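Visitor: Structure of the sequence below:
(chains A and B)
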Protein chains: 2
Amino acid sequence: MPCGGQGRCGRCAVIVQDGAGIRRRSTLRLTPDDLAAGYALACQTVVEGDAVVTVPPQEKIERRLVTDKTATKVTLPFTYDPLQHQPMCLFPLALDPPNMVDQTDDWSRLKRAIADADLPLLGRWGANGGNWLNLGETADTGRATDLYADYPTLRRLGTTLREHNWEVTAVVELDTWDRPNGPPRLVDLLPPGRTEHLWGAAVDIGTTTVSLYLVDLLTGEVVTKAAEYNGQIRRGEDVISRIIYASTDRSSRKSNGLGELQSLVIDTINELLERAARRAKIRPSEVYKMTVAGNSTMIHLLLGLPPSSIRLEPFVTTINQPPPVRASELGINIHPQANVDCLPGVASYVGADISAGIIGSQMCDSSVLTLFLDVGTNGEMVLGDCDWLISCACSAGPAFEGAGVQDGMRATIGAIEEVWINSDTYEPTYRVIPSPKLEAQELPTPPQGICGSGLISLLSEMFITGVIDKAGNLNFDLGSPRVRQGKHGPEYVVASGNQTEHGRDIVITKVDINNLIRAKGAIYAGFTVLAQSVGIDLGMVERVLIGGSFGQYINIENAVQIGLLPDLPWDKFHFLGNTALQGALLALLNREHRSRIGEAAQKMTYLELSADNTFYDAFTSALFLPHTDMTQFPSVAEVLMEREEQPAV
Amino acid sequence: MPCGGQGRCGRCAVIVQDGAGIRRRSTLRLTPDDLAAGYALACQTVVEGDAVVTVPPQEKIERRLVTDKTATKVTLPFTYDPLQHQPMCLFPLALDPPNMVDQTDDWSRLKRAIADADLPLLGRWGANGGNWLNLGETADTGRATDLYADYPTLRRLGTTLREHNWEVTAVVELDTWDRPNGPPRLVDLLPPGRTEHLWGAAVDIGTTTVSLYLVDLLTGEVVTKAAEYNGQIRRGEDVISRIIYASTDRSSRKSNGLGELQSLVIDTINELLERAARRAKIRPSEVYKMTVAGNSTMIHLLLGLPPSSIRLEPFVTTINQPPPVRASELGINIHPQANVDCLPGVASYVGADISAGIIGSQMCDSSVLTLFLDVGTNGEMVLGDCDWLISCACSAGPAFEGAGVQDGMRATIGAIEEVWINSDTYEPTYRVIPSPKLEAQELPTPPQGICGSGLISLLSEMFITGVIDKAGNLNFDLGSPRVRQGKHGPEYVVASGNQTEHGRDIVITKVDINNLIRAKGAIYAGFTVLAQSVGIDLGMVERVLIGGSFGQYINIENAVQIGLLPDLPWDKFHFLGNTALQGALLALLNREHRSRIGEAAQKMTYLELSADNTFYDAFTSALFLPHTDMTQFPSVAEVLMEREEQPAV
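Guide: Residues are numbered from 1 along each chain as shown, chains lettered A, B, ... in the order given. Coordinates of the predicted model:
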């Protein structure tokens, strides 16, 4: 078994049906539910008398473990009603054609038709006695005088109406977050009968990864997903290096750092749109609304706002709550008159990804003291409940996103996502994210690199088995050929070239290890300072919600063992996946959630970590595995003790 | 004297100081005021006894006559208060710079400063207990949350604030006609202290001529004016030929008729802006608001809206009340985020030039039955008073604007603006719009062509002296070398080459004469049909207001004699100059006038002349000088009779 009988990999789980003669030595790997269901780890169990044990097929165990550790996806926390919940709608219209008696101009004619339309689509307004536009109108100007359109929409108006013989489908946006009472805006005119779909997109711009949901606004369904490395990576891996690059003052827009970074991320978004649209068999220009989450630097770069003040004391943004911007103004290839709604952030280092994330996680809906953590390139975290929120950010770097690590990669096909090291042989076993094609042929998928969860797992296994020490130094005394001197210093070979996709060894170097320790140290220091600032102990936290795109595959035990997460009972941790993207989806589908994101952003207190030395002290203390203060990690201490006491099997 | 003793040119006016022995034979040329002041025309006066007569210097008479015929300019009908009347304003701001305690984002910081600003500039809002933004705010979001900015303004925000060390002058537009309650919009941020001027522009796009006022919005003063032929002329002289050209469907925008016409008029506007800005020693980009009047076709072409439906039954526009459009969307070189407000029109052939014109003329302010006439390329007219308005349009063609006539030109330096023909010799005398430089040296300005008022005067003189007959045929029997067969048929030589600027003869051809008769016939037919439609006689009209850029120099007597204007007492005519431009100016300087233009446009009934045969019949009857029905022109009949009876002096 992968961990070599250390009770860590869980692969030897068996079901004890009659357990009278059984003694469980360690149950670390098992949850209370597992125990109640009769599970035991064979390697940690001494048979002292008669017992009936079922050994489940290996495949089944693996599935179960994966399911355990991945969070249930946040499904919509409401029953979606497109007409009730969000502002985009379709009006199937048949206009009276003009004649010599009725020479009304095209625009007034269209407005009249929309005002008179029978509107099953307009619950929110229609509920109001049928006078659906009453919020925006004034007494004497009639129902729909407030409908407006952008100039390019008006330019196409006459031609489109005549082309389709006065029968059209109008795409209307009833309101936006900053104009909750309208006026409604005509976004496009489609041919008649185009009422089957109405497309929207939710986007999360991570410093490392950009993710997109393509959503049918009529059903609320996420029809397809796509993710890709942020094209800006080639200009710097973390926000600070991006900001510096953006501030380079060159002559033209093309060779201007800010303009270039803006183009790079927009290219990435357009590529994702293209990919998602191809899968859904639509054109990207059929997307009529986009919501965008991202940290403040990402949002500034997307909008082409100079980000340099984010980096320099006193660390202020140009704008935390940007207004909706038309896609054409940014060059995003959805419908040119579609709104791109960048969600609101809190401060320079607590951005829209966090405010969207805490709404996506429903953290504010409960009085349970919650720690919310979004592990991306920055470690951003929020502590609080429905009454108060305090947040901070610590620059973790992109190591946990697979960047800045020699063989790091995104959590996609071919990524090693979990590792076990045999404590006797120091040989690793790993699980690779499978290629569906190879999986169908029952062939293994060869690894290409290690993703974030794989790195955490690897670091933890190396530490627990003694391949590295508390400080992360590789132990050359083990006699294992896996520990060797590489081109870039000491390294551990996770997979040798004959097993890998590309034929090269997959290794983790001392440099990688140092990066990972710094990253986890920064995050843990953030927890420490946040808890101190409100005078509580981390142990008082009742719930830890973990967002971030890589979050959902983290092995909690591993993350605690390296000191990335605080040492709390496993059942307090909830992996929510990409909460920022989830928040963007909620904002797209529900006005109320959109405004809650704004409220959360305004309500949240931001703790500036660079303002004093507390953070630096906490960071220094956290630069060990798991921490200098072992009393904060009792379960890890127990494992280490057990390992030393472990008798040979 | 120019008219050869016919009592028409008025050049022989003398002042009778003791008039016992004096008998006035004809006083047609003199107004009641003239008579009261003792004026008499020497050629029409018989000395029957002792008399004391003063002969004024010729120069003085000429000035007086010109002044007589030009209307007093419409000055602003209110005492201008920039803060009270219009929505553009300047905020001199000194922001608190951000610090580690106040990390508010730039945009919120600016909004806060504007909300807190001490606002002598904001009468309208400030009057409201100092809570000037209360119209747009909601109770819990604070005073200025509603301030918004276009995306490009936000992009410059951070840099501008820091460049000027947090001291700036904000240019804000408080409201627009379609959003009378705001929200206010930040248009630009200027360096501190830039509070001396705030520029706006009022534009009238005529089919032939584009005119512009550059206005200081802080004083309401028209600082400079500029006018130029509409660059679209090369693609057709009247609206119909422009519409046909715009409808040509070509591959790219560049070679596309509509795109080309849009570019041409925008080029003209930009040229005028450049010229006006140069005179005022500013840059065009310092202009923060523009209002535009023009007929519906001109507005459609400016906005790039396909105009073809204007020409085809049932003659509808795409939009009569266009929303404000940002200058950058059109390519107009004022500030890119400045609004271009195209004034509202009524119908395809009664456009914003007319609705602006009747507000510019103050026609709606009185219960006096008024006929309003705008003679441009189209003859557009409105009949009514403060309670009702009915309008129509007849395609007069550009003849009265000096286009479509061989030696026609705009009323600028070198244009013959008035002509007299000696009834004995058939020799013409003319007055040329002088070059100030030559005038200063007491040198005459050589003529280059004939402008609209000159053409009317010439046609009238040719008719009264018998150079042409009722049908406009040239009389070759006179024995005058001035009447000759030219390259393009019969013609009359107004100025021979040795007197002209360019050395070529200035002539009027039979073709020109026919064009002018058709133009005046169309306009008079319009009056006829309009009066008939409401069951009144033209003689009941109490006031005739004449707009149109060339209007102010028309000689009423001449215009009546050719049957262009109805035969009413002279004192009922008022020349108002370019009322459309005046209306655009009022709309720029006063919200209330802007909204009155919209109200007038909505209230006005439009009479579609092509809908029945009435117009065609009236037109056919008007294709003679002055008309087939001489009972409609008693004063002309009198002149013709007098001419025949005239004894040789």
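Visitor: quick one: low-confidence parts of chain A?
Guide: A:1-4, A:6, A:8-9, A:26-29, A:57-74, A:118-145, A:249-255, A:549-552, A:611, A:646-649 (pLDDT under 70).
Visitor: My read is that residue A:518 contacts residue A:395, right?
Guide: No: distance between residue A:518 and residue A:395: 9.4 Å, which falls outside the contact criterion (CB atoms under 8 Å). For the C-beta atoms, the positions are set from N, CA and C on the backbone; glycine is no exception.
Visitor: For the residue of the stretch 451-600 of chain A found nearest chain B, which non-adjacent residue is spatially closest?
Guide: Closest residue of the stretch 451-600 of chain A to chain B, CB to the nearest CB: residue A:598 (10.1 Å). Spatial nearest neighbour of residue A:598, chain neighbours left out: residue A:344 (5.0 Å); criterion: CB to CB, 6 or more residues apart in numbering or on different chains.
Visitor: The one you found belongs to a helix?
Guide: No: counting by DSSP: H, G, I helix; E, B strand; the rest coil, residue A:344 is not part of a helix but coil.
Visitor: how far away is it from residue A:177?
Guide: Residue A:344 sits 8 Å away from residue A:177 when distances are taken as CB to CB, to the nearest Å.
Visitor: Compute the number of surrounding residues for residue A:557.
Guide: Around residue A:557 there are 21 other residues, counting by other CB atoms under 10 Å in any protein chain shown.
Visitor: Would you mind writing the CA trace of stretch A:277-286 as CSV?
Guide: Output of stretch A:277-286 as CSV, limited to C-alpha atoms (Å, rounded to 0.1, in the frame of the first residue of the first chain):
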residue,chain,number,x,y,z
ALA,A,277,-18.9,28.5,-27.1
ARG,A,278,-17.6,25.8,-29.4
ARG,A,279,-18.7,23.2,-26.9
ALA,A,280,-22.1,24.7,-26.5
LYS,A,281,-22.4,25.2,-30.3
ILE,A,282,-22.9,28.9,-30.1
ARG,A,283,-21.0,32.1,-31.0
PRO,A,284,-19.3,34.0,-28.1
SER,A,285,-21.3,37.1,-29.3
GLU,A,286,-24.5,35.4,-28.1
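Visitor: quick one: contacts of it?
Guide: With contacts defined as CB atoms under 8 Å, 6 or more residues apart in numbering or on different chains, stretch A:277-286 is touched by A:197, A:199, A:214, A:223-224, A:226, A:270, A:273-274, A:287, A:333-336.
Visitor: Likewise for stretch A:183-194?
Guide: A:88, A:90, A:92, A:94, A:110, A:114, A:133, A:136, A:146-150, A:153, A:156-157, A:160-161, A:164, A:167-175, A:288, A:335, A:337-338.
Visitor: Chain B next: which of the residues you listed are close?
Guide: Among the contacts of stretch A:183-194, the residues lying close to chain B (CB under 8 Å from any CB of the partner chain) are A:148-149, A:157.
Visitor: on that earlier part again, work out for me the element the residue of the stretch 451-600 of chain A closest to chain B sits within.
Guide: Element membership for residue A:598, per DSSP states H and E: helix A:591-603.
Visitor: name the helices or strands packed onto that helix?
Guide: helix A:352-360, helix A:579-589 (3 or more CB pairs under 8 Å, 6 or more residues apart in numbering or on different chains; DSSP states H and E).
Visitor: now those as a markdown table including distance to chain B and mean neighbour count?
Guide: Shown next, in a markdown table, are those (distance: least, CB to the nearest CB, whole Å; neighbours: other CB atoms under 10 Å in any protein chain shown):
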| stretch | distance to chain B | mean neighbour count |
| --- | --- | --- |
| helix A:352-360 | 12 | 33 |
| helix A:579-589 | 19 | 30 |
